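Dropping the sequence and predicted coords here.
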Amino acid sequence: MKIKNICCIGAGYVGGPTMSVIAQHNPEIKVTVVDLNKERIDAWNDKNLNNLPIYEPGLIEVVSKARGRNLFFSNDIDGAIKESEMIFISVNTPTKTYGTGKGMAADLKYVELCARNIGKIAKSDKIVVEKSTLPVKTAESIQSILENAGSGVNFEILSNPEFLAEGTAMRDLAIPDRVLIGGNDKTEEGKKAIQALVDIYSSWVPKENILTTNVWSSELSKLTANAFLAQRISSINSLSELCERTGASIGEVSKAIGMDSRIGSKFLNASVGFGGSCFQKDILNLVYISRSLGLNEVAEYWNQVIVMNTHQRDRFAKNIIKNLYNTVSGKSIAIFGWAFKKDTNDSRESAAIYVADTLISEHAILNIYDPKVSSSQMIFDINYLNTRSEFENKKYLNIKSDPYKAVEGAHAVAILTEWDEFKTYNWKKIYQMMKKPAFIFDGRNILDKDHLEEIGFNYNSIG
Ligand code: NAD
Ligand code: UDX
């Protein structure tokens, strides 16, 4: 089966970059990325490539070559569904904010809407690919919705979870550790569908890195991978607190254990806590599924990863307050970094939001600087927590486009994202501009302690 037209529903952080790379390596396939959000599609089509809706190093280069050739962004969802043989569902699957499973389960309403729409529109056979991260067994529901749509066409469901990390998405897509494809290899149609997707990836991914499994293993592997990665961060963060009490150094401990090839050195950087749209949501989902199946010990085990992350963010904020003589009321604090990690403009679930909220509750005045996150996004993030009124929040937030403006008269600088540019600042000049004693709270352990202490700073890091 040769695929000539692909449709991807959802032009977000996954749909946009993933389809750009598929289009880049398969110039004979027409790839159309569709979304309900007109503003987002307009931004993907903007002549000025600096206005693409997401910031990701290397994305502009790929989009500029493929867009208009075989890569298209459109709001015509039905048209793209009709003409394609393969449809990726790459819509958001946030944590439910209402009803049963509120605050835990994945909200699958957007996925279900896509399935119902595909069922209604399709006039020819389709391969439907789950690209969104979904609870194990979701493919069963999608299959049932499609089969009951009465269109009389055949649908094959594949699971093809995405493992890219933001900030390194283009590299992760170009040379993936593995591509995972879950499908039904018990039927001829199922086998053909799996092969069709394998063929698309084979145009740039070595065959040995393309893994095929049954659908349920594929769905569960995605949640498991995120749970394991997040668990490493919570594990090292839990020990950072022990280091602070004992005089051990978390950097030295990480290095020592990471050199054990059975443990490995990645994802052992202690921090103010993990953020991003995936880790918390996917673990909560795993906890919810386990509890629903009566596996309470399994649920509690994974829930502790979240508990530790919340504790890490919280104790970072409280440490600032404690060091600033137990009151930050009316004091200016410069916040460097709002994105949940460097090299992205995404701030979903960023630790910065929660640290800022705790400081605002203590009436600190925040001067925030981030190289990529917009001021409207920062204001949205704080207001979204609903801790106090928008009017009240406004009194405590000053968003700066120049980091040196953020430190004028500040009592402290808090580093909340590991942007490389923070390391290159003139810290001597910053010291001179701040109130004394001048504090630095480095939530990412990226600055040079000795250098800063020599300047005169009171430097605090994690662990
Ligand atoms: P996103 O919010 O950036 O994008 C989702 C897009 O889907 C939005 O633009 C939204 O308007 C659109 N959409 C929602 N319902 C729609 C519908 N019915 N029809 C058309 N468009 C619709 O989300 P994302 O970060 O790209 O994540 C998408 C999925 O991929 C999630 O399940 C997520 O867990 C998973 N994932 C994300 C990452 C990541 O790093 N962001 C990595 C791996 C997997
Ligand atoms: C994650 C997974 O890595 C990726 O495979 C999946 O597809 C989506 O979820 P992402 O959330 O984009 O990717 O970024 P990631 O690099 O995993 O970082 C997540 C958070 O953990 C960030 O806030 C980061 O700063 C933090 N982190 C990461 C640490 O605090 N310490 C580390 O050692 C690594």
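Alright, I've got the coordinates. Ligands and ions are numbered 1, 2, ... in the order given.

Mind checking if the lengthiest helix in the chain is in reach of ligand 1?
Determined from DSSP state H, the single longest helix within the chain is helix 215-246. No - with C-beta under 6 Å from any ligand atom as the criterion, ligand 1 is not reached by helix 215-246; the gap is at least 7.3 Å. For the C-beta atoms, the positions are set from N, CA and C on the backbone; glycine is no exception.

Buried residues, that helix. List them.
215, 218-223, 225-227, 229-234, 236-241, 243-244 (16 or more other C-beta atoms under 10 Å).

can you check stretch 307-320 too?
Residues of stretch 307-320 classed as buried by neighbour count (16+ other C-beta under 10 Å): M308, N309, Q312, R313, R315, F316, A317, N319, I320.

nearest to K96, of those residues?
In terms of C-beta to C-beta, no member of the buried residues of stretch 307-320 lies closer to K96 than N309, at 19.6 Å.

Need the mean per-residue confidence for the longest helix of the chain.
Average pLDDT, helix 215-246: 97.

How about the residues of the stretch 1-150 of the chain by ligand 1?
9-15, 35-37, 40, 77, 90-93, 110, 113-114, 132-133.

Let me see the backbone angles for whichever residue of the stretch 1-150 of the chain sits closest to ligand 1.
Residue nearest to ligand 1 within the stretch 1-150 of the chain (C-beta to the nearest ligand atom): G12, separated by 1.9 Å. Per-residue torsions, G12: phi -100, psi -150 (degrees, to the nearest 10).

OK, contacts around it?
Going by C-beta atoms under 8 Å, 6 or more residues apart in numbering, G12 touches D35, R40, I54, S90, V91, N92.

For those residues, pick the one with the most neighbours.
Within those, neighbour counts (other C-beta atoms under 10 Å) peak at S90, which reaches 28 neighbours.

picking that back up, now flag whichever of the buried residues of stretch 307-320 is closest to L397.
For the buried residues of stretch 307-320, the minimum distance to L397 (C-beta to C-beta) is 15.7 Å, reached by A317.

circling back to that earlier point, any chance of the contacts of G12 in a markdown table, with pLDDT and secondary structure too?
Below are those laid out as a markdown table (pLDDT from 0 to 100; DSSP: H, G, I helix; E, B strand; the rest coil):
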| residue | pLDDT | secondary structure |
| --- | --- | --- |
| D35 | 98 | coil |
| R40 | 98 | helix |
| I54 | 95 | coil |
| S90 | 98 | coil |
| V91 | 98 | coil |
| N92 | 96 | coil |
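
Can you verify C7 is assigned to a strand?
Yes - assessed with DSSP: H, G, I helix; E, B strand; the rest coil, C7 lies in a strand.

What segments of the stretch 351-463 of the chain are strands?
365-369, 397-399, 412-415, 439-442, 458-461 (DSSP state E, counting those that start in this stretch).

Mean neighbour count, those strands: which tops it?
When the strands of the stretch 351-463 of the chain are scored by mean count of other C-beta atoms under 10 Å, the highest mean neighbour count falls to strand 412-415 (a mean of 26).

Please identify the buried residues of stretch 105-114?
Using 16+ other C-beta under 10 Å as the burial criterion, the residues of stretch 105-114 that qualify are A105, A106, D107, L108, Y110, V111, C114.

Give me the mean pLDDT for it.
Stretch 105-114 shows an average pLDDT of 96 in the prediction.

Ok, stretch 300-316 next?
On average, the pLDDT along stretch 300-316 is 98.
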